[in-house]
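Participant: Predicted structure and sequence below. I'll ask about it afterward.
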Amino acid sequence: MQIFWGYAGADLLAVVIIGLASLACLVSARIFVSHMFKQR
């Protein structure tokens with residue numbers, strides 16, 4: 001896997017980036033839902 005990425009630690013970096021992206025999506029979804037419920 002490290003040979004594919006080109007340098008060691010890139011797979012860990014990719015996991016961190018994916019985790020941050022999913023966390024950002026989760027947070028934005030919660031904010032959106034809370035705004036939707038406040039408008040009702």
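Facilitator: Here it is on my side, so go on.

Participant: What is whichever strand or helix holds residue 20 packed up against?
Facilitator: Following DSSP states H and E, the helix or strand that holds residue 20 is helix 10-39. Judged by 3 or more Cβ pairs under 8 Å, 6 or more residues apart in numbering; DSSP states H and E, helix 10-39 is in contact with helix 2-5. In this view, the C-beta of every residue, glycine as well, is placed from N, C-alpha and C.

Participant: Could you name the specific helix or strand carrying residue 7?
Facilitator: Residue-wise, residue 7 maps onto no helix or strand under DSSP H and E.

Participant: Run a quick neighbour tally on it.
Facilitator: As a burial measure, residue 7 scores 9 neighbours (other Cβ atoms under 10 Å).

Participant: Would you check how far apart it and residue 17 are?
Facilitator: Going from residue 7 to residue 17 by Cβ to Cβ, to the nearest Å gives 15 Å.

Participant: same thing with residue 36?
Facilitator: For residue 36, the distance to residue 17 equals 29 Å [Cβ to Cβ].

Participant: cool, residue 35 as well?
Facilitator: Counting by Cβ to Cβ, the separation of residue 35 from residue 17 is 27 Å.

Participant: Next: residue 39.
Facilitator: With Cβ to Cβ as the criterion, residue 39 and residue 17 are 33 Å apart.
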